[in-house]
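Student: Could you look at this predicted model? Sequence included:
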Protein chains: 2
Amino acid sequence: MSGGAGRGGTGPVASEADIIAYFAPLTARFPGAFALKDDCAAFAPEPGSEIVLNTDAVAEGVHFLAGDGAADVAWKALAVNVSDLAAKGARPRVYLMALAFPEPPGRAWLEDFARGLAEAQERFGIELAGGDTDQRPGPMSVTITAVGEVPAGRMVRRGAARPGDVLYVSGTLGDAALGLKVRTETDLAARWRLGAPHAQALVARYLRPEPPIELATVLMAHARAAMDISDGLTKDLGRMAKASGCGATVETAKLPMSAAVVAVNAADARAAMTAMLAGGDDYEVLAAVDPAEAQAFERAAAAVGVRVTAIGSMRPGAGVVVLDGHNQPMDIMQSGWDHF
Amino acid sequence: MSGGAGRGGTGPVASEADIIAYFAPLTARFPGAFALKDDCAAFAPEPGSEIVLNTDAVAEGVHFLAGDGAADVAWKALAVNVSDLAAKGARPRVYLMALAFPEPPGRAWLEDFARGLAEAQERFGIELAGGDTDQRPGPMSVTITAVGEVPAGRMVRRGAARPGDVLYVSGTLGDAALGLKVRTETDLAARWRLGAPHAQALVARYLRPEPPIELATVLMAHARAAMDISDGLTKDLGRMAKASGCGATVETAKLPMSAAVVAVNAADARAAMTAMLAGGDDYEVLAAVDPAEAQAFERAAAAVGVRVTAIGSMRPGAGVVVLDGHNQPMDIMQSGWDHF
């Protein structure tokens, strides 16, 4: 980004400088952004630390819906990147944002988008450092690169789990996937007899994921391996197991459910289980913890106010085994989870 | 990126893991990429240094043509980001790459793209750290975030020029813009009576920009302000002048021309001048140097093998004045440069 011009008024913006004017205030607490008036940002990590880097894009029609509010789109674009940092034990610091629009955005949309970014920045403790804006055909997209910080050599790895490790997840599972269904299938909340608060809670989890950044230091201190859950529990656990060279077992009876998912489960147990096992967009943390560290991990998580639930364990071998309520292995391919 | 699967064979790739297999070898010299098998990369800057960050996207139909070879597209995507780092005095270190494809790329295309990246990495001394791949409608795009390194607090700024500073450019100007014209207007090389070597040289500058990374340390030691020239000399100089709170004067008689641009100039002086003043894609460096440092700057540039040419100076006031061959101000709006 470069330049700096006016905001306010109505209608579409006229130039990249107009767009930058909406975003420059988001750099107020980070001098290394040079108020978006230079070509690059400068960031100095704390002595003894290293930076953790991640990039993820969200695009209209793929990662969010055309009808989603600009503030929610902005929040999600930042949250999905912060989620990866937090799961690696990293403290979010700064981010760069590349925007692509098929046509110049309206000023009200930009105002709303910048507000969503500001809210997410505040929640996640991260500052805008720089960016790029292009007009081109195709869906509107937001590509963020997030920079976090860990003590040197302490990034929590995906592939370091060992057989016997206890598997934990943060928060609750399935909410976002069910929220997307409720949002797109108009009669679903009624069919599931969900009250408005439950329906709204599910949709909110889809629109505004809240990765548990407070867990980062806990993971660094007590977890052997961790990653965020973005593509569904079994798929992401399969990745952790493969990278760690072992297998994993999940006990479905232990999966943490929100009150809203409990309500869905009462009306449609299959939908609830599908969402918990295979639904995407949870942005919770999956962690493998040495059994000797399990108690300390749970205490430390409680101390930072993050719910963690033991849902199974790593084991020798390969692949993910999912146990049903009677501790019998579920044939997940025949049970309908084959869409992932 | 995550996973890791097979390359080779023909036809389109089947999964993100297939794509990652083409890129994992590009991380071979950077252990912090974890061979693209983790969710984030870890990078430790040298003690006493800070990181310099930049993100720029290139998209088919906007920044490159549908017919451009995959290796050239890859080279350009990386070069345009490295260009910003070099102009800030930074040493390129690592980069992240977010790819968007409207349909799965073919294996031959990916092979070629990865080869272009490998060549650019070798030339610029930068390593792949991580990335993201999405399938979505719209043009193929490559969004790179580049990470460089400077001694803490030493990033060369855009807005630090002062009246009286000598203005320098690296290399030669206009080649890439003329190369694009020669590439898209089939009879132009003949009309301009360009021999094949000159025509090829211009097109090569468009396809494979070579930002002068060797100049980075020279800029840090001797320049007051610098930026890269990506949108045309007068436009980018206008940005430097505005950010620095002063004006600038360019003497067109001093603009550095390659042999190929000299040849174009003989046939169509207006086209050559337009390209040098307003053509984009040069990816050379524009630097403002204290007159007391000018000799040292020139010597240091010569020592690292980079041609630099004094083309004018910064002055009090505002805006860019362009002087013609008789040192008369050109009315650049009336002279046809109003397309930028």
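Tutor: Yep, that arrived.

Student: from here on, contacts and neighbour counts on C-alpha atoms
Tutor: Fine.

Student: Phi, psi for the residue of the stretch 1-150 of chain A found nearest chain B please.
Tutor: Nearest to chain B, among the residues of the stretch 1-150 of chain A, is A:G138, at 3.7 Å (C-alpha to the nearest C-alpha). With angles defined as degrees, to the nearest 10, A:G138 sits at phi 100, psi 180.

Student: State the pLDDT value of it.
Tutor: We have a pLDDT of 92 for A:G138.

Student: Please apply the same query to A:G11.
Tutor: A:G11 is assigned a predicted lDDT (pLDDT) of 79.

Student: Quick check: closest non-adjacent residue to it.
Tutor: A:G106 (5.2 Å; C-alpha to C-alpha, 6 or more residues apart in numbering or on different chains).

Student: if I've got this straight, A:R93 is in a strand?
Tutor: Yes. Secondary structure of A:R93 (DSSP: H, G, I helix; E, B strand; the rest coil): part of a strand.

Student: Quick check: which ranges of the stretch 1-150 of chain A have low pLDDT?
Tutor: A:1-10 (pLDDT under 70).

Student: whoops, I mixed them up, the stretch 151-300 of chain A
Tutor: Counting by pLDDT under 70, the stretch 151-300 of chain A shows no low-confidence range.

Student: Closest residue of it to chain B?
Tutor: Residue of the stretch 151-300 of chain A nearest chain B, by C-alpha to the nearest C-alpha: A:R158 (5.7 Å).

Student: Please name the residues that touch that residue.
Tutor: Contact partners of A:R158, counting by C-alpha atoms under 8 Å, 6 or more residues apart in numbering or on different chains, are A:A225, A:A226, A:M227, A:M240, A:A243, A:S244, B:K37, B:D38, B:D39.

Student: I'd like the distance between A:N54 and A:N265.
Tutor: Per C-alpha to C-alpha, to the nearest Å, A:N54 is found 35 Å from A:N265.

Student: Which phi and psi values does A:A301 adopt?
Tutor: Torsion angles at A:A301 (phi, psi; degrees, to the nearest 10) stand at phi -60, psi -40.

Student: Please read the previous query as pertaining to A:S258.
Tutor: phi -70, psi 170.

Student: ok, and the closest non-adjacent residue to it?
Tutor: Nearest non-adjacent residue to A:S258 (C-alpha to C-alpha, 6+ apart): A:T172, at 5.7 Å.

Student: before we move on, the earlier item: now go through the contacts of A:R158 and say which are in helices.
Tutor: Residues of the contacts of A:R158 located in helices (DSSP state H): A:M240, A:A243, A:S244.

Student: Looking at those residues, state which has the most neighbours.
Tutor: Among the ones in helices among the contacts of A:R158, the one with the most neighbours (other C-alpha atoms under 10 Å in any protein chain shown) is A:M240, at 32 neighbours.

Student: isn't it right up against A:R157?
Tutor: No. A:M240 is beyond contact range of A:R157, at 9.3 Å (criterion: C-alpha atoms under 8 Å).

Student: can you list residues touching both of the two?
Tutor: Common contact partners of A:M240 and A:R157 (C-alpha under 8 Å, 6+ apart): A:A226, A:M227.

Student: related to what we said a few turns ago, what's near enough to touch the residue of the stretch 1-150 of chain A closest to chain B?
Tutor: A:F101, A:P102, B:P137, B:G138, B:P139.

Student: And A:G116, by the same measure?
Tutor: By C-alpha under 8 Å, 6+ apart, the residues touching A:G116 are A:A70, A:A71, A:D72, A:V73, A:A74, A:W75.

Student: Domains in chain A, by residue range?
Tutor: A:16-151, A:166-323 (automatic domain parsing).

Student: for the last one, the distance to its chain's centre please.
Tutor: On the basis of C-alpha atoms, centre = their mean, to the nearest Å, the separation between the geometric centre of domain A:166-323 and that of its chain is 12 Å.

Student: what distance separates the start and the end of it?
Tutor: Domain A:166-323 has an end-to-end distance of 15 Å (criterion: C-alpha to C-alpha).

Student: got it, and stretch A:267-287?
Tutor: Terminal residues of stretch A:267-287 lie 30 Å apart, using C-alpha to C-alpha.

Student: now do stretch A:245-253
Tutor: OK, stretch A:245-253 end separation, C-alpha to C-alpha: 26 Å.

Student: how many other residues sit next to A:N327?
Tutor: Residues near A:N327, counting by other C-alpha under 10 Å, number 12.

Student: repeat for A:G67
Tutor: Per other C-alpha under 10 Å, the neighbour tally for A:G67 reads 9.

Student: got a list of what it touches?
Tutor: Contact analysis of A:G67 by C-alpha under 8 Å, 6+ apart lists nothing.

Student: So it: helix, strand or coil?
Tutor: State at A:G67, reduced to three classes by three-state DSSP: coil.

Student: Helices along chain A, start to end?
Tutor: Under the criterion DSSP H, helices of chain A are mapped to A:16-23, A:70-87, A:107-124, A:175-184, A:188-191, A:196-207, A:216-222, A:233-244, A:259-267, A:269-278, A:291-303.

Student: wait, doesn't the residue nearest to A:G11 sit right on A:S15?
Tutor: No. In this structure A:G106 lies outside contact range of A:S15 using C-alpha under 8 Å: 11.6 Å.

Student: related to what we said a few turns ago, reformat the contacts of A:R158 into CSV and put distance to B:I144 next to each item.
Tutor: Output for those, formatted as CSV (distance: C-alpha to C-alpha, whole Å):
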residue, distance to B:I144
A:A225, 28
A:A226, 26
A:M227, 23
A:M240, 26
A:A243, 26
A:S244, 29
B:K37, 19
B:D38, 18
B:D39, 17
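
Student: Identify, from those residues, the entry nearest to A:A303.
Tutor: A:A303 lies nearest to A:A226 out of the contacts of A:R158, by C-alpha to C-alpha, at 19.1 Å.
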